[in-house]
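In: Need coordinates for the following:
(one chain, ligands or ions: 1)
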Amino acid sequence: MIESDFSYLADLIKQRSGIVITKDKSYLLESRLAAVARTYQLDDISGIVQKLRKADRALEIDVVDAMTTNESLFFRDQHPFDQLRDFVLPKLMAERKSTKRIKILCAACSSGQEPYSIAMLLKELGPKVAGWTFDIQGTDISRSMIERCKRASYTQFEVQRGLPITLLVKYFEQQGQEWFLKPEIKNMVKFREFNLLEKLTPLGHYDIVFCRNVLIYFDQPTKRGILEGFAGLMPSDGVLYLGGAETIIGITDKFGAEPGRRGIYRKAA
Ligand SMILES: C[S@@+](CC[C@H](N)C(=O)[O-])C[C@H]1O[C@@H](n2cnc3c(N)ncnc32)[C@H](O)[C@@H]1O
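Out: Numbers count the residues shown, from 1 in each chain. Below you'll find the model as predicted:
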C-alpha cells in the first residue's frame, strides 16, 4: 500500500471512530478492505481512497465498519458477571428500593452477547428481582453489528463460547444452523447505533456502564473524553466496567477502582 493511501485511511478511520491504526497494522487495512473494494467493484485500496476523496459517505461508513474488531462472546471473562450478580446488583438494589429501577448501558456491544448475557443473568435471578425494572441498552458504531444484535441469532460456534448449556437450552431456539434467542430475553434489550466519539449525553442516564474491550483501540485523549463522558451519565454510586486490558489509571480521576474487584470502577466522590 502506498504511503499516502495508508495515511489517508488511518486519518479518516481515527477521525470517524477513534480507532488508531499504526503502520505495523497496515496489513489489517489490506485484508479487511479487500472485501469492501469487491463490493464497490473497485480494483484495490487506491481505488477506495480515490472514491473516498470524492466524499462518498456510504463507502466511508463501510470502511469504518470493516475496520472495527467485533470479537465478543457470552459471559466474556465470567467474573464481571459473577460480580454483577453477587456484589454490584445487591448494592445498587439496596440503594434503589424506592424506584426499583436500574439502567444498564453496554457501550460498543458488538454482536450483542454482553447485553444478552446480562439479560439472561437477570432472568435467572427470578423472584429476587420481582417488581424491578431493568433497562438494558446496547450500542455500537457498526451498523452491521447492530443489525446482528437485533436479529439475536448466533452460530453453533458462538453459542459454544461462554454460554452454559443450561442457558442455551432454556433461552434459545435452534432453527437450522442458527440459534435464536427467545423473545423473553431478546425483548429485554434495546439496541441503537452510537459512535462513542459523539457527545454522550443523548444516551441518557445509567447506573451501570459496561464499556469493555473497545478503549484499547483508542489513544489517551479519546479514552479520557469517553470515560469523562460516561461519568456525566452516571449517578454518584454508578458503576463502570472496563475490559481486562483496560484501566482508568493515568487517564482520568472521575472514577476510582473498586478495591478487590478487578475491572470495576466507581464514580469518584
Ligand atoms: C472487541 S468488540 C467488544 C465487544 C464487547 N464489549 C465485549 O467486550 O465482548 C469492540 C466493539 O467496539 C466497537 N467500536 C469501535 N469503535 C467504536 C466507536 N467509536 N463507537 C462505538 N463503538 C465502537 C466495534 O464496532 C466493536 O463492535
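
In: residues from the stretch 1-150 of the chain in reach of the ligand?
Out: Contact residues, the stretch 1-150 of the chain versus the ligand (Cβ under 6 Å from any ligand atom): 17-19, 68-72, 76, 108-110, 114, 140-142, 145. Any C-beta I mention is one placed from the backbone N, CA and C, and that applies to glycine too.

In: Just the buried residues of those.
Out: Buried members of these, counted by 16 or more other Cβ atoms under 10 Å: 17-19, 68, 72, 76, 108-110, 114, 140-142, 145.

In: that older thread, of the residues of the stretch 1-150 of the chain next to the ligand, which belong to strands?
Out: Asp140 (DSSP state E).

In: ok, the buried ones among the residues of the stretch 1-150 of the chain next to the ligand vs Ile2, which is closest?
Out: Minimum distance to Ile2 across those is 20.9 Å, recorded for Ile19 (Cβ to Cβ).

In: all strands for the chain, in order.
Out: Ranges of strands in the chain, per DSSP E, are 101-106, 133-140, 153-155, 172-175, 178-181, 189-193, 208-211, 239-242, 255-257, 264-267.

In: what separates stretch 102-112 from the chain centre, distance-wise?
Out: Put simply, stretch 102-112 sits 6 Å off its chain's centre (Cα atoms, centre = their mean, to the nearest Å).

In: show me the contacts for the closest residue to Phe172 other than its chain neighbours.
Out: Among residues not flanking Phe172 along the chain, Trp179 sits closest, at 4.4 Å (Cβ to Cβ, 6 or more residues apart in numbering). By Cβ atoms under 8 Å, 6 or more residues apart in numbering, the residues touching Trp179 are Ser153, Tyr154, Thr155, Gln156, Glu158, Val159, Leu168, Phe172, Glu173.

In: Filter those residues down to the buried ones, ChimeraX style.
Out: A single ChimeraX command is used to select the members of the contacts of Trp179 judged buried by 16+ other Cβ under 10 Å:
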select :153,154,158,159,168,172
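
In: okay, the contacts of Trp179 in a markdown table with pLDDT next?
Out: Listed next are these as a markdown table, based on pLDDT from 0 to 100:
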| residue | pLDDT |
| --- | --- |
| Ser153 | 98 |
| Tyr154 | 98 |
| Thr155 | 98 |
| Gln156 | 96 |
| Glu158 | 97 |
| Val159 | 97 |
| Leu168 | 98 |
| Phe172 | 98 |
| Glu173 | 98 |
